[in-house]
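A.B. asks: Show me how the following folds:
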Amino acid sequence: MLDLELTALIKKEGWKIVRNKITGQYLVKCFGRRFPVVHPVSIYLKLYKEELNPVLKYQYMKAAHDLLWPYTIWHYWTERRFRAHCEGYNFISEAGGANTTKSYDNAKIVLIFWFANPKGRRVVVASTTLESAEARIWGYVTSLLGQMDVILPFQYYGGKPPKIVNVINKETKLKDTRHGIYAVSAREGDDDKTIGTWIGIHPDEALMVVLDEGTEMPLALTKSIANLDASKKFFQLKVIGNSNSTSDLHGVLSTPKIGWENVNPMTMNQWETTQKNGICLFFNCYESPCIHETDPVKKKQMEPFLIDLPAIKEKEAQMGKDSESFWRFVIGFWQSSATESTIISKQFIEDFNIFRPTEWSGLFPLQMVGGLDPAFSTGGDKCILRLAILGVDTEGKVVLDFRENSLLFPIKIVARSPHSAEKQISDQVLGVLKQQRCPLQNVGIDCNGQGRALGGLLQSENRRLTGELNSPTKFYATRQGGNQVNSFDVVVTSSHELWFILRDYIEQGQIRGLDDMTIEQLTSRREIKVKDKTKKRQLESKSDYKTRMAAIGSSQAHSPDEADAATLCVQMAIRLFGFTPGQSRIVNEQMDADEKMYRIHLMQKAERDGINIKNHRPSLKADFSADITSLAIHKHPLA
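C.D. replies: Got it, this is the predicted structure:
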């Protein structure tokens with residue numbers, strides 16, 4: 001006997017109930033298929049789950065939504081979120097200010113996604129704390145469960161953490177720990193192993209992870225996120241937040257493929273991200289459905305939960321239209337990449353054009369300096385030796401020219417070599433220096449960690465090969481007030497100091513020819529506050545930097561070794577040759593006969609050595625055989 005109320009609901013959808021002539025079973029005939037006689041929402045959920053066409057998938061999802069919550073307000077921001085979900089993106093980030101219904105709409109998506117297959121799907125809803133979860137997406141999830149107009153089977157378990165699972169056999173009390181909807185906490189300081197315990201459980205069919213408060217969550221999440229792509233099951237990760245920094249988790253997962261500088265928040269409402277199959281949805285407050293709704297009744301219904309124009313104008317007056325707070329909490333967009341806390345910004349690089357070619361004056365000798373940033377394993381950080389040319393350009397400015405990649409030498413370490421990592425590095429570095437005619441004493445080496453022993457090995461190997469007692473200059477970073485290490489040539493307070501000094505020379509137009517990789521590192525490594533009462537700043541650790549950059553794109557998952565080596569080159573130019581910010585020499589075109597002959601001699605010698613004085617991109621083989629013999633000349637050869 002068919003249920004009359006259920007029959008009426010099926011007919012209301014325009015579907016037919018037919019009977020199998022052989023079995024006598026009643027079936028629902030719709031969309032060219034036949035289904036058991038069940039509530040229409042169950043049929044829509046099944047169609048939504050199975051459909052591959054994103055347009056049809058969205059239509060089935062919307063139909064299920066309207067049956068579950070027929071009295072809620074639907075608007076075009078909700079539609080954008082539902083459509084993006086149905087288009088099958090693996091990574092979806094959402095940017096927007098307050099009162100843009102981010103949490104509410106995504107709570108609906110969570111429930112529809114799970115109810116489509118409760119025994120095969122898993123949803124993880126993460127907030128910074130379980131307490132804050134109750135006031136955000138998880139709170140909306142539990143609230144919407146109670147507002148459903150259709151009774152669907154589920155079991156809610158309170159406690160910490162709370163969870164929602166499919167109906168469990170009351171006799172066996174068996175719990176399904178792989179499927180369901182789970183609330184978890186992820187806060188700054190949690191390591192990737194802790195996070196991996198709740199992301200690493202793979203369901204039978206599909207996984208959804210929703211990161212609420214993404215601006216406050218640890219970047220360690222990105223290491224676990226990478227494992228999601230390894231599973232053959234479908235997954236979708238959503239991150240939500242009030243846009244704060246392009247360097248936090250929310251910003252990193254929202255990074256545009258086309259670059260932040262090419263995104264205009266006033267004309268663009270979405271863009272592809274650097275994540276594999278990723279998209280960022282931006283909900284501009286000035287495009288609020290509450291502003292543009294023409295139906296006064298519906299507009300009135302929207303006002304309690306969607307931002308409107310009077311509220312925006314009030315916030316403009318309170319915060320200032322150009323303030324960081326207004327951009328973050330009202331517009332909901334990253335105000336500018338220039339506001340990112342980095343020592344050197346991309347705009348700074350462009351303002352002090354380091355790309356223009358150097359034309360050497362030919363009146364002063366060219367000097368070569370080097371920086372070695374060592375690493376001692378076949379994986380992880382790179383071992384980088386880079387050289388640079390110090391000289392005077394045609395305008396009389398003393399500049400340090402890195403010549404892009406031509407003087408950048410990655411040092412390779414072979415795991416199965418009979419020689420130690422230190423010996424392999426030493427042999428390759430000395431080989432490059434010999435080829436480039438650069439004295440060992442002109443090279444600075446980062447002697448933190450194992451670098452100290454490497455400095456000694458370079459000195460002894462160089463003596464064995466050349467008979468010279470030269471040694472590299474050894475740099476050691478320590479906190480201010482820490483114990484001094486007397487065996488080291490130079491002690492600096494931090495790597496932050498080295499990077500900041502490089503900035504001074506860029507500002508004076510004395511740095512030329514840095515490669516794209518180094519520039520990317522200089523402009524993306526964050527400057528952070530020290531967590532103590534000193535209010536000092538330091539550079540983001542290499543491990544944190546590498547984790548964050550890996551989340552932006554796998555091609556950027558590297559340590560900032562090229563930039564560190566560049567800072568050492570600057571330090572060597574300062575230490576050996578008196579390189580100072582703003583330094584210049586007089587280049588007088590009204591030369592006497594002797595000066596002209598001297599210049600002709602230099603140019604002829606440069607040609608023999610392969611140096612094109614008027615070209616910034618020569619194949620440089622300068623003659624450095626005439627080493628400095630006196631301390632005065634050693635300190636001030638450009639004088």
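A.B. asks: Tell me the span between the first and last residue of stretch 19-39.
C.D. replies: 17 Å (CA to CA, to the nearest Å).
A.B. asks: roughly how far out does it sit from the chain middle?
C.D. replies: Averaged C-alpha coordinates place stretch 19-39 at 52 Å from its chain's average position (CA atoms, centre = their mean, to the nearest Å).
A.B. asks: Show me which residues of it are buried.
C.D. replies: Across stretch 19-39, burial judged by 16 or more other CB atoms under 10 Å covers 27, 28, 30, 35, 39. From N, CA and C alone the C-beta is placed, and that goes for glycine too.
A.B. asks: so where does the first one fall, helix or strand?
C.D. replies: Using DSSP states H and E, residue 27 sits in strand 26-30.
A.B. asks: For that strand, name the packing helices and strands.
C.D. replies: strand 16-19, strand 33-36 (3 or more CB pairs under 8 Å, 6 or more residues apart in numbering; DSSP states H and E).
A.B. asks: and with 10 Å instead?
C.D. replies: Applying 3 or more CB pairs under 10 Å, 6 or more residues apart in numbering; DSSP states H and E, one finds that strand 26-30 makes contact with helix 4-12, strand 16-19, strand 33-36, helix 40-50.
A.B. asks: any idea how the protein splits into domains?
C.D. replies: What automatic domain parsing lists as the domains of the chain is 1-38, 39-333, 348-581.
A.B. asks: What average pLDDT does the longest one get?
C.D. replies: In this model, domain 39-333 has a mean pLDDT of 87.
A.B. asks: With stretch 546-557 instead?
C.D. replies: 69.
A.B. asks: Quick one: distance of stretch 408-416 to the chain centre.
C.D. replies: 26 Å.
A.B. asks: how long is that stretch end to end?
C.D. replies: 25 Å.
A.B. asks: who touches that stretch?
C.D. replies: With CB atoms under 10 Å, 6 or more residues apart in numbering as the test, stretch 408-416 has contacts from 370, 372-379, 382-388, 402, 419-422, 424-429, 431-433, 435-436, 514-515, 517-518, 561-562, 565-566.
A.B. asks: switch to 7 Å and redo it
C.D. replies: If you take CB atoms under 7 Å, 6 or more residues apart in numbering as the criterion, stretch 408-416 is touched by 377-378, 382-386, 421, 424-425, 428-429, 432, 515, 562.
A.B. asks: and if you look at stretch 448-463?
C.D. replies: Contacts of stretch 448-463 (CB under 7 Å, 6+ apart): 374, 376, 422, 425-426, 429-430, 440, 445, 447, 468-472, 474, 476-477.
A.B. asks: Of the helices and strands packed on strand 26-30, which is nearest residue 237?
C.D. replies: helix 40-50 (18.9 Å; CB to CB).
A.B. asks: what's downstream of the closest one, the next helix or strand?
C.D. replies: Immediately after helix 40-50, counting by DSSP H and E, sits helix 54-68.
A.B. asks: now what about that next one, what contacts it?
C.D. replies: 40-41, 44-45, 47-48, 51, 82-83, 86-88, 108, 112, 148-150.
A.B. asks: buried subset of those residues?
C.D. replies: 40, 41, 44, 45, 47, 48, 51, 82, 83, 86, 108, 112.
A.B. asks: what's the farthest-apart pair in those residues?
C.D. replies: Largest pairwise distance in the buried ones among the contacts of helix 54-68, by CB to CB, is 21.6 Å, between 40 and 83.
A.B. asks: returning to what we had before: quick check: mean pLDDT across the strand holding residue 27?
C.D. replies: 92.
A.B. asks: Starting from that strand, tell me which strands it pairs with and how they run.
C.D. replies: The strands that strand 26-30 pairs with in its sheet are strand 16-19 (antiparallel), strand 33-36 (antiparallel) (by DSSP bridges).
A.B. asks: For those strands, give me a markdown table that also has mean pLDDT and distance to residue 580.
C.D. replies: As requested, the strands paired with strand 26-30 are exported to a markdown table (pLDDT from 0 to 100; distance: least, CB to CB, whole Å):
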| stretch | mean pLDDT | distance to residue 580 |
| --- | --- | --- |
| strand 16-19 | 91 | 88 |
| strand 33-36 | 93 | 80 |
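A.B. asks: Please convert those to a markdown table, extending it with distance to residue 65.
C.D. replies: A markdown table is the format used below for these (distance: least, CB to CB, whole Å):
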| stretch | distance to residue 65 |
| --- | --- |
| strand 16-19 | 24 |
| strand 33-36 | 19 |
